[in-house]
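>>> Based on what follows, work out the 3D shape:
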Amino acid sequence: MPSESMPIEPDPSESKRSEPKPSESGPSEPKPSVLFVCVHNAGRSQMAAAFLTHLAGDRIEVRSAGSAPADTVNPAAVQAMAEAGIDLSAETPKVLTVEAVRASDVVITMGCGDTCPVFPGKTYLDWRLDDPAGRGVDAVRPIRDEIERRVRDLLAELLPR
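Here you go, the predicted structure:
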């Protein structure tokens, strides 16, 4: 983990947030938005974003990014998620931007800590998880399972029944 903050590049495409659609029963609350961040955006944050998207559908706006994105998503993470019925094969690592943080209600870091800008009114969580980089699928499965457990807990907090 780098000891200094990495520069965060602005991304104009992140500045536009999708507006929530009103429900048929009347006005609705804006949907919550979550940003998952890890250094390379190639393993943990990709798996977390995929689980939340899979479980929440369109009820939560989900983003993932990295302070120093890799070129591709970790193949062991892709394989582990495929075993869980989720396809990550088309995903690509994305750079962390100030706009992505600003547009998110909850920012969850997974090993990059000090590289994320802090804005008032946001919820910041740090999920300490093993890094799947360079590991085979057998080592990634327990990380995947822990991420799924945490995402399910997060979903229950964000969208109580």
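>>> contacts, neighbours, all on C-alpha from now
Fine.
>>> so how many other residues sit close to residue 126?
14 (other C-alpha atoms under 10 Å).
>>> Run a quick check on it versus residue 109, I expect a contact.
Yes. Between residue 126 and residue 109 there is a contact at 4.8 Å, judged by C-alpha atoms under 8 Å.
>>> Is the residue nearest the centre of the chain in a helix, a strand, or coil?
For the chain, residue 36 is the residue whose C-alpha lies nearest the centre (C-alpha atoms, centre = their mean; 2.5 Å). Three-state assignment for residue 36 (DSSP: H, G, I helix; E, B strand; the rest coil): strand.
>>> Pairing partners for it in the sheet, please.
Beta-bridge pairing for residue 36 (DSSP bridges): residue 64, residue 108.
>>> And it, how far from residue 29?
Distance, residue 36 to residue 29, using C-alpha to C-alpha, to the nearest Å: 22 Å.
>>> What of residue 46?
Distance, residue 46 to residue 29, using C-alpha to C-alpha: 27 Å.
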